[in-house]
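*Asks:* Give the three-dimensional model of this entry:
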Amino acid sequence: MEGIISFGNKRNYEDFKKQIPVDVLPLFDSIREFCFKLGENVIEDVRMHRVVFCKSMTFRWFLDVEPEKGGVKIKIQKSRKDPIQIIQIKTEQNISQFTGFFEEAYQNIH
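*Replies:* Below is the predicted model of the structure:
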């Protein structure tokens, strides 16, 4: 799959999702799918406890997604000058109320 890259431990999303709680997996997958729809230059960096979405090979990350019990914790970076925003989304919430933040971060990160 294009847009997937992993460093060091060579983990991929298929390996990573085994550690995501079953009730959180659909939420995590929907966030992941939305990120890939933002543009062809979105790169996924699978890390030990989270997945980071970057814009192109410059690796300016805009979203850092970590599964938690009952939901996900997301760090949003819109620019290197602005403070990082942290939000938590519970499994019963729909991501549609947050996608504007994701898209704005993707558009603004350089």
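*Asks:* all helices of this structure, in order?
*Replies:* 13-16, 25-37, 99-108 (DSSP state H).
*Asks:* Tell me the bridge partners for the nearest residue to residue 15 once chain neighbours are set aside.
*Replies:* Nearest residue to residue 15, sequence neighbours excluded (C-beta to C-beta, 6 or more residues apart in numbering): residue 46, at 7.5 Å. The C-beta positions use only the backbone N, C-alpha and C, and glycine is treated the same way. Applying DSSP bridges to residue 46 gives these bridge partners: residue 51.
*Asks:* so residue 17 makes contact with residue 25?
*Replies:* Yes: applying C-beta atoms under 8 Å as the test, residue 17 and residue 25 come out as touching, 6.3 Å apart.
*Asks:* Distance to residue 51, mean neighbour count and mean pLDDT for the helices of the chain - can I get that in a markdown table?
*Replies:* Supplementary listing: the helices of the chain in a markdown table, determined by distance: least, C-beta to C-beta, whole Å; neighbours: other C-beta atoms under 10 Å; pLDDT from 0 to 100:
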| stretch | distance to residue 51 | mean neighbour count | mean pLDDT |
| --- | --- | --- | --- |
| helix 13-16 | 6 | 14 | 95 |
| helix 25-37 | 7 | 17 | 97 |
| helix 99-108 | 13 | 17 | 95 |
